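**Student:** Any chance you can model this:
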Amino acid sequence: MTVEQVTDEQVVTRVLRGDSESFRIIVERYQQHVYNIGMRFFHREDDAYDFVQEVFLKVFNNLGTYRQKGKFRSWLLKLAYNHGINMIKSSRTEPEFDEFMKPSDAPTPERQHIKGEIEGLLSKEMENLPVKYRVCLDLFFFAGMSFNDISNITDLPVNTIKSHVFRAKRQLRDALRGTMAEEYYEM
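**Tutor:** Reported below is the predicted structural model:
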């Protein structure tokens, strides 16, 4: 059986039975996902890498609490999300979530300038959204997660998540009405 054929649950079982070397499979499978979450919270590579290390240390130390009822991926990403939220709360700052619905990349200088201006506007308005809206919007659009996966991570009901995403999009549309972003994204 190759590494690709081994399920997460099989790897967890191996690690819990003492084969700690198998944990590298989990790290290799999910480090990019955890890094992306870290970048969404902290916006600095160094901080995101520190976040990844802390999350995987927590995952390793808490592996015995994983009850194979749900997807391991959801359990791990929920742990990462909660760790990020706890870090933000303990630092008494709010996470910043910039970059939202990026337009297509065109190499012309004019389009790059416009894109930068719009991203700045969007980033500024994203900071004004309530954290609960930003998190749901970020996980949905940037992490590409389904509403069910977001629900598993945040412990919010699926309909609440749908509502948060809808309201966040509406608030952004209202805030950006009359700007170049409205025309660019055809809001």
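
**Student:** Okay, now the unreliable bits of this protein?
**Tutor:** Low-confidence segments of the chain, defined by pLDDT under 70, are located at 1-3, 92-108, 111-115, 118-119, 142, 179-187.

**Student:** how far away is the most centrally placed residue in it from residue 48?
**Tutor:** Among the residues of the chain, residue 37 comes closest to the average C-alpha position under CA atoms, centre = their mean, at 3.8 Å. As defined by CB to CB, to the nearest Å, residue 37 lies at a distance of 8 Å from residue 48. Backbone N, C-alpha and C define where each C-beta goes, glycine included.

**Student:** and if you look at residue 11?
**Tutor:** Distance, residue 11 to residue 48, by CB to CB: 24 Å.

**Student:** Tell me how this structure divides into domains.
**Tutor:** Structural domains assigned to the chain are 3-91, 109-185, following automatic domain parsing.

**Student:** need the contact list for the residue nearest to the centre of the chain.
**Tutor:** 51, 77, 80-81, 84, 143 (CB atoms under 8 Å, 6 or more residues apart in numbering).

**Student:** try 10 Å
**Tutor:** With contacts taken as CB atoms under 10 Å, 6 or more residues apart in numbering, residue 37 has the following neighbours: 48, 51-52, 55, 77, 80-81, 83-84, 138-139, 142-143, 153.

**Student:** Can I get those residues in JSON lines including distance to residue 162?
**Tutor:** Conversion of the contacts of residue 37 to JSON lines gives the following (distance: CB to CB, whole Å):
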{"residue": "48", "distance to residue 162": "28"}
{"residue": "51", "distance to residue 162": "28"}
{"residue": "52", "distance to residue 162": "29"}
{"residue": "55", "distance to residue 162": "27"}
{"residue": "77", "distance to residue 162": "19"}
{"residue": "80", "distance to residue 162": "22"}
{"residue": "81", "distance to residue 162": "18"}
{"residue": "83", "distance to residue 162": "25"}
{"residue": "84", "distance to residue 162": "22"}
{"residue": "138", "distance to residue 162": "15"}
{"residue": "139", "distance to residue 162": "12"}
{"residue": "142", "distance to residue 162": "17"}
{"residue": "143", "distance to residue 162": "16"}
{"residue": "153", "distance to residue 162": "15"}
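
**Student:** closest to residue 177 among these?
**Tutor:** Nearest to residue 177 among the contacts of residue 37: residue 138, at 22.0 Å, using CB to CB.
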